[in-house]
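Participant: Sequence and predicted structure, then a few things I'm wondering about:
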Amino acid sequence: MSAAPQPPDPERWWRWRRRLALYSFAAALVETAALLWLAQRAPAALAPLGATVAWTYGLWGAVICAYVGAATWSDVAAKR
């Protein structure tokens, strides 16, 4: 079984993955701050946003977990 093909510049590849994970983390923090602000100003406005908030946190969490999982797998594979 041959090894998986490597990108031309692995550092560039991981830099973009890190950037995507950091943007997702920052967006989750901004969303949390915005929701806390909205809860102070108009608590009734949060009820219709429940499903949307759950999906956005889920998607951002998936991006972050995919980055951490891929980085872990890469480190494990490099040590073998």
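Facilitator: Perfect, thanks for sending it. Residues are numbered from 1 along each chain as shown.

Participant: Count residues in the vicinity of residue 60, would you?
Facilitator: Neighbour count for residue 60, taken as other Cβ atoms under 10 Å: 19. (C-beta placed from N, C-alpha, C; glycine too.)

Participant: How much space separates it from residue 40?
Facilitator: Distance of residue 60 to residue 40, computed by Cβ to Cβ, to the nearest Å: 23 Å.

Participant: Same check on residue 71?
Facilitator: 37 Å.

Participant: secondary structure class for residue 61?
Facilitator: Using DSSP: H, G, I helix; E, B strand; the rest coil, the structure places residue 61 in helix.

Participant: ok, so what distance separates it from residue 47?
Facilitator: Counting by Cβ to Cβ - residue 61 and residue 47 are separated by 22 Å.

Participant: ditto for residue 68
Facilitator: For residue 68, the distance to residue 47 - Cβ to Cβ - is 33 Å.

Participant: In this structure, mark out all the helices, start to finish.
Facilitator: 10-41, 50-79 (DSSP state H).

Participant: nearest residue to residue 25 other than its sequence neighbours?
Facilitator: residue 64 (6.1 Å; Cβ to Cβ, 6 or more residues apart in numbering).

Participant: Can you name the residues that contact the one you found?
Facilitator: 21, 24-25 (Cβ atoms under 8 Å, 6 or more residues apart in numbering).

Participant: and the least confident of those?
Facilitator: Minimum pLDDT across the contacts of residue 64 is recorded for residue 21, with 90.

Participant: Leaving aside the residues adjacent along the chain, what's closest to that one?
Facilitator: Once flanking residues are discounted, residue 21 sits nearest to residue 67: 3.8 Å by Cβ to Cβ, 6+ apart.
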